[in-house]
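Visitor: sharing a model prediction with you, sequence too.
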Amino acid sequence: MNPRFLYTNALATLTLLLACVPLGAQQNRLHPDHLLQLKALTWTSISPDSREILFVQYEPEASGYYKTGIWKITHQNEPPAFLAPGTFPRWSPDGKTIAFISNMSGSYQLWSMLPDGSGQQQLTSLTWGVHDFRWSPDGKTIALIATAPGKGQRPARNRNFSSYRQLFLHDIASGKTEQMTSHDMTITGLDWAPDSRRLVIATRPNENDHTAGNTDISIFSCTSKKLKKLIERPGADYRPSWSPDGRYIAFVTSHGETAAYANRSIALVSPHGGQVRTFAGFPDAGGVFEGPWNLVWDFEGKTVFFTMTRGTSVALHALNIDDGQVRRLGQDGAVMAGLSFDRTKTEMAFLLSYPTRPWEVFRSPVAAFAPVQITHVNTFLDTLALGTMRQIHWKNTHGDTIEGLLVLPPDFSNDRTWPLLTYLHGGPGYNVVSSFRSVSPSAFWAVDRYLPWIYAARGYVVFMPNFHSSGGYGENFKRKARGRLASMPMDDVLAGVDILVKKGLADKRKLGLAGFGAGGYLAAYIIAKSDRFQAAIIDTAPVDPVTWWASAPLQIASFMGGDPWKARKKYRRNSPIEIADKIRTPTLFIHNETDPYISFASVKLLQQAVAGNGIATRLLTFREPGFSFIKPEHILQAIQENLRWLQIYVMSAGAK
């Protein structure tokens, strides 16, 4: 569907006619149309014998969404082989079968195939589809997580209503799939015991965001078909992983804290219960782990491998459970994801992204970490001049050190000042990282319209701060934004912009501001408090914190300092709508009209307030199911409109 524009300024027609930059002058730079060539990788699964690696590849379709496929590669010098449309492929323990999730039949079901892609067979026909699965160690059973009602409940279409994900078991020999639980709960993760007779599962009361911070751990017996609580307390206890010797279960814990910004650590507990042993993280990171992911035991059950965010990097780490020491195996300036190990835990496969290169599949020995690139799926980037990414630090007015990233144009020099585009990431709790897309591999679709290299190719220096409330810096850093979810981060952002202007890098007459999600909310607040910026882009923004609370109550109540009826003054002090009459910055608003999470009415209200101030503004809307919009054609249209808006009000001096 074509986007619809609401015009409130006479320059609208002129905007549609202007070309941002002559294409002939930018032939060797990244262009928005290059996004249709850009493939994204999101998963790896190395075979039990370590010879072959499966990965998932997304390819954009100009008139559709994304084509998702499972591919296989053996050696770094050979082309990968396409196996099937689908995602989340996992090898059977004997390496003879691959199970995966696919919607080839119209809904997401469990399928299987042989290693060469032949013999594809649908294994389940569950009414509401399959979300995740795990092979049992003996290869005889597959445990599934699938949507199914709790007692007297119906599955919900919207995640903010009570819907439940239950445990199912699929028997390989008989082909039968049986529902094992029907409790009023939703399962968020699971792992098998080495004996294939028990499962450890993480559960929360339901899919409602009110319960997101209340996750417990239980043991399910496949023999008695009974569920027994293992960890039951306030806060989050999740991502369980059973040790290969059966003695321990490792999991991530928030130490009984329910706040969305609470620190996470790795803990151990016996499957029979008893004392929980919690491990401290790095001393220079406040003694905590920042969002441990991919908990995997070594073959002997003495080390837990995991990925962890520290600042703008995501790297592999190893925790020795005997002495509690943590080793960092990766390096700064890169982002790792999609970790998988072979049967003996001697070889691993993973995704790795560097600032100027998207995700690729790598492999390495476990004993001596030495990544070797296996895939080369975006070689067209080798012909383009992208620019460079730098990590920067500065002080806010409170004396706190803030970190961020700068993306510089291909022809950057220190001999002149440059137009500056400040991009504010989503959240709260997220951060920008040192990867090509600057985000995690699970969140690339919507934010591709702010791929920094596209704007750098047009001559902008792109500034991406990790302000207070961002992840990667521990609980205290996020907690400082409590009750000041807009005002505290604003101080970080403006201090960074002012320093870039003072140092002669940014031209104070050519400053643009863009924000997506929570970053759009922050951008709206900033332009109501400051007239520094010549133009702003507010994208998919929850500009009213009260309606934002309705879609993410735990998260917003944590950062606002309470629910709206208990912390009225804090919500009002941090609301862009309350001070909309102060906005004097030409502003482009972008939104999905049918977004079930971010209020479109609030966005229209703020846009009309800007128009009422006599300020140039425009509302660009799309219609797609779900959060924001991800169709490649819509992404391209949004990029083009962003560039046009910035061209008029930032690049063209005096246009305001």
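Guide: Yes, it's here.
Visitor: which helix or strand in the chain has the lowest average pLDDT?
Guide: The least trusted helix or strand in the chain, going by mean pLDDT, DSSP states H and E, turns out to be helix 12-17, with a mean of 30.
Visitor: quick one: contacts of the next helix or strand after that one?
Guide: Where DSSP states H and E defines the elements, the next helix or strand beyond helix 12-17 is strand 40-46. Contact with strand 40-46 is made by 52-58, 66, 87-91, 337-342, 347-351, 358-361, 363, 375, 377, 441-442, 444, as judged by Cβ atoms under 8 Å, 6 or more residues apart in numbering. From N, CA and C alone the C-beta is placed, and that goes for glycine too.
Visitor: and the angle for the helix or strand following strand 40-46 with strand 40-46?
Guide: Later in the chain than strand 40-46, the nearest helix or strand by DSSP H and E is strand 53-60. Strand 53-60 and strand 40-46 meet at an angle of 170 degrees, taking axes from the mean of the first three to the mean of the last three Cα atoms, to 10 degrees as the criterion.
Visitor: and strand 53-60, which strands flank it?
Guide: With DSSP bridges as the criterion, the sheet partners recorded for strand 53-60 are strand 40-46 (antiparallel), strand 66-73 (antiparallel).
Visitor: identify each buried residue in that strand, please.
Guide: In terms of neighbour count (16 or more other Cβ atoms under 10 Å), strand 53-60 has its buried residues at I53, L54, F55, V56, Q57, Y58, P60.
Visitor: one more: stretch 393-402?
Guide: The neighbour-count criterion (16+ other Cβ under 10 Å) identifies W394, N396, I402 as the buried residues of stretch 393-402.
Visitor: is the first one in contact with V493, as I believe?
Guide: No - the pair W394 and V493 fails to qualify as a contact (Cβ atoms under 8 Å) at a distance of 10.4 Å.
Visitor: state the mean pLDDT of stretch 51-65.
Guide: Taken as a whole, stretch 51-65 has a mean pLDDT of 89.
Visitor: first-to-last residue distance for that stretch?
Guide: Across its full length, stretch 51-65 reaches 33 Å between end residues, using Cα to Cα, to the nearest Å.
Visitor: do stretch 78-96 as well
Guide: First-to-last residue span, stretch 78-96, Cα to Cα: 22 Å.
Visitor: and for stretch 614-634?
Guide: End-to-end distance for stretch 614-634: 29 Å, by Cα to Cα.
Visitor: rewinding a little: just name the most buried of the strands paired with strand 53-60.
Guide: Per-residue neighbour counts averaged over each of these give the maximum for strand 40-46, namely a mean of 22 (mean count of other Cβ atoms under 10 Å).
Visitor: CA atoms only for that one, dumped as PDB, please.
Guide: Extracted C-alpha coordinates of strand 40-46, given in PDB (Å, rounded to 0.1, in the frame of the first residue of the first chain):
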ATOM      1  CA  ALA A  40      20.800 -10.800   6.700                       C
ATOM      2  CA  LEU A  41      21.900 -13.900   8.700                       C
ATOM      3  CA  THR A  42      20.300 -14.700  12.000                       C
ATOM      4  CA  TRP A  43      21.200 -18.200  13.100                       C
ATOM      5  CA  THR A  44      23.800 -21.000  13.100                       C
ATOM      6  CA  SER A  45      23.700 -24.700  13.900                       C
ATOM      7  CA  ILE A  46      26.900 -26.700  13.600                       C
END
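Visitor: one step back: now render the buried residues of strand 53-60 as JSON lines, adding distance to T307.
Guide: Output for the buried residues of strand 53-60, formatted as JSON lines (distance: Cβ to Cβ, whole Å):
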{"residue": "I53", "distance to T307": "17"}
{"residue": "L54", "distance to T307": "19"}
{"residue": "F55", "distance to T307": "17"}
{"residue": "V56", "distance to T307": "17"}
{"residue": "Q57", "distance to T307": "21"}
{"residue": "Y58", "distance to T307": "20"}
{"residue": "P60", "distance to T307": "26"}
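Visitor: which of those residues sits closest to D298?
Guide: I53 (19.4 Å; Cβ to Cβ).
Visitor: hang on, the earlier thing: so which of the buried residues of strand 53-60 comes closest to S118?
Guide: Distance from S118 was checked for each of the buried residues of strand 53-60 by Cβ to Cβ. The minimum falls on L54, at 15.0 Å.
Visitor: residues contacting that closest one?
Guide: Taking Cβ under 8 Å, 6+ apart as the contact definition, L54 lies against W43, T44, S45, I46, S47, I70, W71, K72, L83, P89, W91, I98.
Visitor: how about a cut-off of 7 Å?
Guide: With contacts defined as Cβ atoms under 7 Å, 6 or more residues apart in numbering, L54 is in contact with T44, S45, I70, K72, P89, I98.
Visitor: also A259?
Guide: Residues touching A259, when contacts are defined by Cβ under 7 Å, 6+ apart, comprise S558.
Visitor: okay, and it sits in which element?
Guide: Per DSSP H and E, A259 falls between elements, in no helix or strand.
Visitor: roughly how far apart are it and V543?
Guide: Here A259 is placed at a distance of 24 Å from V543 (Cβ to Cβ, to the nearest Å).
Visitor: before we move on, what about T383?
Guide: Between T383 and V543 the distance is 41 Å, computed by Cβ to Cβ.
Visitor: direction included, what does the biggest strand by length in the chain pair up with?
Guide: For the chain, the strand reaching the highest residue count under DSSP state E is reported as strand 506-516. As defined by DSSP bridges, the strand partners of strand 506-516 come to strand 418-424 (parallel), strand 535-539 (parallel).
Visitor: for the helix or strand following the first one, which helices and strands make contact with it?
Guide: Think strand 418-424. For strand 418-424, the following helix or strand on the C-terminal side (DSSP H and E) is helix 452-456. Of the remaining helices and strands, those touching helix 452-456 by 3 or more Cβ pairs under 7 Å, 6 or more residues apart in numbering; DSSP states H and E are strand 401-408, strand 461-466.
Visitor: mind redoing it with 8 Å?
Guide: strand 401-408, strand 461-466, helix 632-646 (3 or more Cβ pairs under 8 Å, 6 or more residues apart in numbering; DSSP states H and E).
Visitor: which other helices and strands does the longest one contact?
Guide: Helices and strands in packing contact with helix 632-646 are listed as helix 12-17, helix 452-456, strand 535-539, strand 587-592, strand 617-622; criterion 3+ Cβ pairs under 8 Å, 6+ apart.
Visitor: contacts for the helix or strand in which P89 is found next, please.
Guide: In the assignment (DSSP H and E), P89 maps to strand 87-91. By Cβ under 8 Å, 6+ apart, the residues outside strand 87-91 that reach it are 42-43, 45-48, 54, 56, 68, 70, 83, 97-102, 132-135.
Visitor: and P441, what pLDDT?
Guide: Listed pLDDT for P441 reads 48.
Visitor: should've said Q76
Guide: 74.
Visitor: check contacts around the residue nearest to it when sequence neighbours are not counted.
Guide: Closest residue in space to Q76, ignoring its immediate chain neighbours: I374 at 4.7 Å, by Cβ to Cβ, 6 or more residues apart in numbering. By Cβ under 8 Å, 6+ apart, the contact set of I374 is I53, I73, H75, Q76, A349, E360, V361, F362, R363.
Visitor: contacting residues for the last one?
Guide: Pointing back at R363 there. For R363, the contacting residues are I46, I53, E347, M348, A349, F350, P371, V372, I374, taking Cβ under 8 Å, 6+ apart as the criterion.
Visitor: can you read off the pLDDT for it?
Guide: Confidence per residue is given as pLDDT, and for R363 that number is 96.
Visitor: so how far is D94 from it?
Guide: With the distance defined as Cβ to Cβ, R363 ends up 21 Å from D94.
Visitor: picking up where we left off before, make a markdown table out of the strands paired with strand 506-516 and add mean pLDDT and mean neighbour count.
Guide: Below are these laid out as a markdown table (pLDDT from 0 to 100; neighbours: other Cβ atoms under 10 Å):
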| stretch | mean pLDDT | mean neighbour count |
| --- | --- | --- |
| strand 418-424 | 97 | 26 |
| strand 535-539 | 98 | 27 |
